[in-house]
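*Asks:* Structure of the sequence below:
(2 chains)
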Amino acid sequence: MINIEIDGKLVETERGSTVMDAAHKAGVYIPHFCYHKKLSIAANCRMCLVEVEKAPKPLPACATPAADGMKVHTHSEMAVKAQKGVMEFLLINHPLDCPICDQGGECQLQDLAMGYGGGASRYEEEKRMVSPKEIGELISTMEMSRCIQCTRCVRFGQEIAGQMELGMANRSEHAEIMSFVNSAVDSELSGNMIDLCPVGALTSKPFRYTARSWELSRRRSVSPHDGLGSNLAVHVKDNRVCRVVPVENEAINECWISDKDRFSYEGLNSPERLTRPMIRQDNKWIEVEWAAALEYVANGLRQIKDSAGADHIAALATPHSTLEELYLLQKLMRGMGSDNVDFRLRQSDFNLATKGAPWLGMPIAELNSCDRFLIVGSFLRKDQPLIAQRIRMAVKAGAKANVLHAADDDLLMPVANKAIVQPSKMADMLAQILKALVMRKEAVVPSELQQVEISDVAQAIAASLSSGERAAVLLGNLAQQHPQATLLASLSNQIAELCGAKFGFLGEAANSVGGHMARAIPESGMNAMQMLEKPRKAYLLLNVEPELDMHDPNLAMSAMKQADMVVAMSAYKHHASEYADVMLPIAPFTETSGTFVNNEGTVQGFKGAVKPLGDARPAWKVLRVLGNMLDIPGFDYDNSEAIRDEVLGFACKLDNRTEGVVLNLNGAGGSALERVTDVPIYFSDALVRRAEALQKTGDAATPTARMHGAELQRLGLKPGDVVRVVQGSASAKLSVKRDDRLPSGVVRIAAAHAATAGLGAMFGEIEITTGDSTKLPENASRVAGQTVERA
Amino acid sequence: MLSATVQEQINRELKKYPADQKQSAVMSALRFVQDEKGWISTDDMGDIASYLGMPGIAVMEVATFYHMYNLKPMGKHTITVCTNLSCTLCGAEDTVAYLSSKLGIGMGEVTADGKYGLREGECMGACKDAPLFTINNRKLCGRLTHEKIDQILAELDKS
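*Replies:* Residues are numbered from 1 along each chain as shown, chains lettered A, B, ... in the order given. As a prediction, this is how the structure comes out:
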């Protein structure tokens, strides 16, 4: 530690830190544009010039190392003269368009020009013009003349997002920020560049010209999407959400949010919003009052309970529902006498019994300090964009990442070892790594592992993991959705134990942990898969669009169509109009109070930011009234906090330790052609699926059947061919795409899109037929048979 | 696609740098392409980027930063006239005017037959020979007079 004096204040700061860091500690503000605490030092805006005693000229605070005994003056005559000089230069080419600039009112340049800018310019020549660039659907560069070349956006791409998509071409006064040949910026974190831009050069395309920053009221909220639980500020004007920006929380999202968190708000104002309760009568949908709709639901449920038994009522909820909603749903179900309630909609193996709610296994921020990673079955960048970012930072600091997956998607970071195999071979690969670790420890190889032969890559992963001190083994979405999820989790857990690593689940959604805490899983009843395999008479759907949110959309839809009564509680008019009997408009996250429990177990409550649209109501209120109508005791809540307190009173602890899993490596099976399924980032939930701008990005392209080049050759196909992919009785027509990052023997087809909603399970055997033939392959019935056996 | 010759040249260059820092060879790679084609297109930049495993925009940054890379076809003989202080004091403006009138093109332009291109250059570090220009960034011609320019152009005409 060294001592430095800033504006007469003595500060102790670390050796190697800069004058800017020391000033922050002393609470002294030094004006700046290019400096950002999370980015590398560029020192190219020169706004932070300060006077340092004994230095002959002003020095940039952001790039000057603090030295012991240094005396710095940030507001001396010399410093202010330098800062004003820099400001005059910056304003030479900056247009005077603040009155129509989107950044006006929240612009660093505007703010600092108030303090350091002159009243009039001495510059009378022509200002330079920079032509707009086309860089995609999210970021507008219509006014690139406003750019002051701070290069924050460029450094963000290189350092945080991991891909350099913007750069500064040309030199001196011709310098311009642009992408390579007008290519679209498609980083899943790109929106942060809008926040980083200190002027109005990069602005939000969907938000542009919809509101001025001072007209917006800011309400804190929590992301309803991935399992991170990013802290958000929802900006509201006239009871309408106009935009979403991050709220800094170093422990969770730092100062970033993913584009999904940022731009999904467009879905809130979608024309597809359901705003009135509706009942189907004589195959026509009619709008009714809430009382009538709920009366109808209560009567229907009562009748089915009396005639077929409560066991014939099933409830499905998405893990994007709040803690309160999930809790009341299970309470309602159990109050009626049915234990068929589940929120793990995309899972297929439910045997895993962790001792508590499966979670990340460590605080999120600890990921940065891990030095070895084994990431099992995760489309990490798209499933957990900011967790990928943290691991990227760790790798940059020297950590080694190892990957076991069914697709070699670019993680935009160096990966030490990767094992890319068919889904059915994943358990075997984990067993190999486990055996290699056991042998490295010179321990006794358990009998189940005797037959396992260790490949070079498994050996390398084992060596990498055991050479670290703070390793982490993480199970991604694909691993949790895998038909052998229990086996994968159990093997991963043992690997983690052997190398002293943290073992964690990367939760798929905002409330993947909260759902367990709210007990929204069956104890003796049916799980999400069984409820569909043995069709029930009545389904309560909370936020669920079965053809998009479930593991097996085909199975889900057939169950829905067979049911006597389907109650769709949703914020949207969706396909439910084809099979449901009642549609109840419920409020999305901005229109209700609620709680999400994120991956690391942090309980984050939020309040409604706007009033519910039309007649929509918070789902917890709807469920409370239903509980009252069905005479179930304990449904007298005045507010959502009361429900939350009740849940947290008895909620299970976080615990990933698995119990009593028998390692059975023989059940793998496998087939010549297996399906690999990802849930693309902008298809993952009802809200984001309706976010207009995100739906125009590359990540939201219509799914294709992707295969390795060798696989295409084997099947005699070429990219662009239209084929019929068949899973049992389900099929879909898709175009073929070559993807050499896949292993052979797999077809990668995205789920959660209308084009693939007719398909079956996310894993397993898949057939490809050409032409229009709707004839099923010979083994179709066999495959269907397997599906049932799995239950 | 980069030609086999260019790939070969880049490979030789790559031996000078650590295997994980292939982008160190970007300036040479751009030069090889320009030597072969006379100029560097954005397609070439993309090819270099994928060959060296770096972002396309990063190649573009380098190619647009340095003056000696031609980003459009500049003719068989690109004449780059220094217009910095020493040369200007010694009559660079006259050199430019004379070249312009002889070739019938202005700065940054190419003759219709594609034989000559004229560019403005920065100090070549040979002020004692001012005024001067270079031909294709290789050959330096100094102490220019109208007669000397006629002579140089006559020689170039023959080639």
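*Asks:* Okay, now the unreliable bits of the chain?
*Replies:* Using chain A. A:660, A:666-670, A:771-791 (pLDDT under 70).
*Asks:* which residue is nearest the middle of it?
*Replies:* Using C-alpha atoms, centre = their mean, the residue of chain A that lies closest to the mean C-alpha position is residue A:226, 3.3 Å off.
*Asks:* Where does that residue fall, secondary structure wise?
*Replies:* Counting by DSSP states H and E, there is no helix or strand that carries residue A:226.
*Asks:* Contact partners for it?
*Replies:* A:258, A:260, A:261, A:383, A:384, A:385, A:386, A:507, A:508, A:509, A:510, A:684 (C-beta atoms under 8 Å, 6 or more residues apart in numbering or on different chains). For glycine as for every other residue, the C-beta is placed from the backbone atoms N, C-alpha and C.
*Asks:* ditto for residue A:749
*Replies:* A:675-677, A:703-706, A:725, A:732, A:734, A:756, A:759, A:766 are the contacts of residue A:749 under C-beta under 8 Å, 6+ apart.
*Asks:* try 7 Å this time
*Replies:* When contacts are counted by C-beta atoms under 7 Å, 6 or more residues apart in numbering or on different chains, residue A:749 touches A:675, A:677, A:703, A:705, A:725, A:734, A:756, A:759.
*Asks:* isn't the second one right next to residue A:762, touching?
*Replies:* If I follow you right, that is residue A:677. Yes - counting by C-beta atoms under 7 Å, residue A:677 does reach residue A:762; the two are 3.8 Å apart.
*Asks:* any common contacting residues for those two?
*Replies:* The contact lists of residue A:677 and residue A:762 share residue A:751, where a contact means C-beta under 7 Å, 6+ apart.
*Asks:* on that earlier part again, the residue nearest to the centre of chain A and residue A:385: what is the separation?
*Replies:* Distance from residue A:226 to residue A:385, counting by C-beta to C-beta, to the nearest Å: 7 Å.
*Asks:* what does residue A:265 give?
*Replies:* In this structure, residue A:265 and residue A:385 are 17 Å apart, going by C-beta to C-beta.
*Asks:* Kindly report the same for residue A:308.
*Replies:* Separation of residue A:308 from residue A:385 (C-beta to C-beta) stands at 45 Å.
*Asks:* So if I had to pick from the two, which one is more boxed in?
*Replies:* Just comparing residue A:308 and residue A:385: by other C-beta atoms under 10 Å in any protein chain shown the higher neighbour count belongs to residue A:385, 25 against 14.
*Asks:* The lengthiest strand in chain A pairs with which strands?
*Replies:* Taking DSSP state E as the criterion, chain A has its longest strand at strand A:730-738. The strands beside strand A:730-738 in its sheet (DSSP bridges) come out as strand A:705-707 (parallel), strand A:722-727 (antiparallel).
*Asks:* neighbouring contacts of the last one?
*Replies:* The contact list for strand A:722-727, computed with C-beta under 7 Å, 6+ apart, reads A:675, A:705, A:717, A:731-736, A:747, A:749, A:759-761, A:764, A:766-770, A:773, A:776-777, A:780, A:783.
*Asks:* thinking in terms of the whole chain, how far from its middle is that strand?
*Replies:* Centroid displacement of strand A:722-727 relative to its chain, using C-alpha atoms, centre = their mean, to the nearest Å, is 29 Å.
*Asks:* Might you report the residue contacts of residue 69?
*Replies:* Unless you meant another one, I'm taking chain A. The neighbourhood of residue A:69, defined by C-beta under 7 Å, 6+ apart, consists of residue A:3.
*Asks:* try chain B instead
*Replies:* Going by C-beta under 7 Å, 6+ apart, residue B:69 touches B:30, B:34, B:40, B:63.
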